[in-house]
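**Q** A predicted structure for the sequence below; I have some questions about it.
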Amino acid sequence: MKIHEFQAKQILREHGIPTPQGGVAETPEAAVKIAQGLRLPVVVKAQVHVGGRGKAGGVKLAKTLDEVKRHASAIIGMDIKGSRVNQVLVEEGVDIQGEIYIGFVIDRARKAPVLIASAAGGVEIEVVAAETPEKIHTEVVDPALGLCDYQVRRTMFALGLDRRLSKEGKRTFSYIINALHIAFLSKDCSLAEINPLVVTGGGEVIAADAKMNFDDNALYRHPELAALRDDREEEPLEVEAHRAKVNYVKLDGQIGCIVNGAGLAMGTMDVVKHFGGEPANFLDIGGGAKADQVTEALRIITSDPTVNTILFNIFGGIVRCDRVAEGILEAKRRLSLDLPIVIRLAGTNEEKAREMLAGADLIACQTMSEAAKKAVELSKRAA
Amino acid sequence: MAILADKNTRLIIQGITGSEGSFHGQAMKDYGTNVVAGVVPGKGGETALGDVPIFNTVADAAKATGANASVVYVPAAFAADAGLEALDAGLPLVVIITEGIPTLDMMKVHWRARAGSQVVIGPNCPGLISPGKCKIGILPGHICLEGRVGVISRSGTLTYEIVDELTKAKLGESTCIGIGGDPIVGTNFIDALEHFAKDDQTEAVVMIGEIGGNEEELTAAWIKENFEKPVVGFIAGLTAPPGKRMGHAGAIIAGGKGTAKDKIEALTAAGVPVAERPDQVVGLLAKRGIRA
């Protein structure tokens, strides 16, 4: 799960990490009201989950209240990479002398959290990693020991901060790294980054931008994070699917795919493409494939108006194909669909399932490739 | 011979009385797996699946039965702890089927396993099967055939699809391991390949990867330097959009990394041919001299 910058900064503040004064607004008038309580100049920042806000014109410096109103009017409602901006963060500008990157991520290969730090902050860390990898310092955190003081010290020297920061600044920097690590663990983050961590002219250290992603598997033990979910940032059909506990991702094609298992669902999309068609979605109905799940899956897929053909690909390993066939027939009765439906059922009790589907105005196929080819053919005919 | 699971496996089922544990426990018994004990805290002294004794703790179960492996069907909030308990009891193999375990919890399990040189498979995986000998987990036994090809996969049903092809082609499987769809898994492709390298029964390996992370790339480089037997691949997710999690917690293209294209290129460059469709795997094996 992703959250907005202003929400991530709230979590940082709860952990004692300094951030600029500010507030979040949904209208230009509210933005001005916030700015009235702050020291000018202020920064007006679009709050969207996608990156690249600055380049898209979603981050502006305002020296007067008039400018605050003008920038907020321009930014609220703006489209950034397909995301509509609903709110802006209005924040005191900071006197930037240096920009540092610090972040914690899960390193899949090392099976541990990793601290990533760079003196080249203020740009995307992926860009630094690709262009100047020598400017990135990493520390692997032993999950049993936690982050050790020597690792923080080593990071400080690697970034040359021993020369750039005052004694007080060094203490703050060390505190911030430890606090970010604690936030990362206590909130079950998959990513927690401050970029940039600004070193001011006065030698202070302050978090000017922040980003946090959370491990979906751990949300059950963080009821406080559920309130931070912004469904406006998500594809509406995906939000609906999420509520119905169907694993769905919308794509742009015409062939709606319903598959059991995530790997096979991706494989099915790929095979559709391989035969010249375009998949409309990823959808995993899971192991059971009972009538309710199949109905819900069909309802979600057919509410996408670009879908003109439906392809079921079920490999019955544990699940019995006749049960799935029952679910499909029941769902079809409930929904009265007029789109062509291609079905491939293989595995346990597949013959019985094919007999059940024979009279039901469905196109039954034996193999995944045959079914995908057929679906592509029908989809092209319908287009 | 097969790897990790065979006729000598003496298995504990953690969560044997739950709906998953009892259903798949019975399927494992029916397949011929030697299920020696169940563990359910508070139900010690009872029996399950007919005559399988239940113990309160893994340590008790291991001591009383001489078990050498455990499979975990415990719900996500408690599964990592169940895994730690099995490792603490000294079991050399722990297979965690459960999906949805917090990553930070699993990290502790993996570090504990590493410290004790023990093997964890999963989580969020279908387990493993050595056809004709032993099955641990939820893989459907009836689609498998004792044979010559090792299978390693991050997926479940996609694995069944390819196993089915190997079985129909009369090649059969030596051992088939589902390593799991989470960002962090106990046994990765390279770990499994190291086992297959030493196994006489395994003549070739099929590896089934998907988007997310760079394990397939690391494995490609490792195979080129270290692995002699033929390897054929399939990678799911060529059509997956960036930034979206495709069902599995670990299946996401992040920051431009983890695409199927990169993985296919890395494998191809390392001499591992990659099938464009699951039904091409058998043909690619034949080209490498592995025929029925």
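**A** That came through, no problem.

**Q** all helices of chain A, in order?
**A** Listed from the start of the chain, chain A has helices (DSSP state H) covering A:5-14, A:28-36, A:65-75, A:125-131, A:149-158, A:161-164, A:167-186, A:223-226, A:236-243, A:262-274, A:291-302, A:321-335, A:350-358, A:368-382.

**Q** for the chain, which residues score under the pLDDT cut-off?
**A** Since no chain was named, I'll use chain A. Judged against pLDDT under 70, the low-scoring parts of chain A cover residues A:287-289.

**Q** please go with chain B instead
**A** Residue ranges of chain B with pLDDT under 70: none are present.

**Q** quick one, helices of it?
**A** Per DSSP H, chain B has helices spanning B:19-31, B:58-65, B:76-88, B:103-115, B:157-168, B:189-197, B:215-226, B:260-269, B:281-287. These are given in chain order.

**Q** so which residues on the stretch 101-250 of chain A come close to chain B?
**A** In this structure, the stretch 101-250 of chain A approaches chain B at residues A:106, A:108-109, A:111-113, A:126, A:142-144, A:185, A:188, A:190, A:215-218, A:220-221, A:247, A:249, judged by CB under 8 Å from any CB of the partner chain. Placement of C-beta: from N, CA and C, glycine included.

**Q** residues in contact with residue 212?
**A** No chain in the question, so chain A it is. When the contact criterion is CB atoms under 8 Å, 6 or more residues apart in numbering or on different chains, the partners of residue A:212 are A:2-3, A:7-8, A:11, A:183, A:187, A:189, A:191-193.

**Q** chain B, not that one
**A** Residue B:212 makes contacts with B:183, B:237, B:248, B:250-254, B:258, as judged by CB under 8 Å, 6+ apart.

**Q** now it: how far from residue A:343?
**A** Here residue B:212 is placed at a distance of 29 Å from residue A:343 (CB to CB, to the nearest Å).

**Q** what does residue A:36 give?
**A** Using CB to CB, which is the criterion applied here, residue A:36 is 63 Å from residue A:343.

**Q** please apply the same query to residue B:141.
**A** 25 Å.

**Q** before we move on, what about residue A:273?
**A** Residue A:273 sits 20 Å away from residue A:343, going by CB to CB.

**Q** the two: who's more crowded?
**A** Each of residue A:273 and residue A:343 had its neighbours counted (other CB atoms under 10 Å in any protein chain shown), and the higher figure belongs to residue A:343 (25 against 19).

**Q** you'd agree that one is up against residue A:361?
**A** No. Between residue A:343 and residue A:361 no contact is recorded; they are 11.1 Å apart, counting by CB atoms under 8 Å.

**Q** tell me how many other residues crowd residue B:226.
**A** 11.

**Q** circling back to that earlier point, let me have the contacts of residue A:212 in CSV, extended by neighbour count and distance to residue A:210.
**A** What follows is the contacts of residue A:212, written out as CSV (neighbours: other CB atoms under 10 Å in any protein chain shown; distance: CB to CB, whole Å):
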residue, neighbour count, distance to residue A:210
A:2, 20, 12
A:3, 22, 10
A:7, 20, 9
A:8, 26, 4
A:11, 21, 8
A:183, 21, 10
A:187, 20, 12
A:189, 27, 11
A:191, 19, 11
A:192, 26, 8
A:193, 23, 7
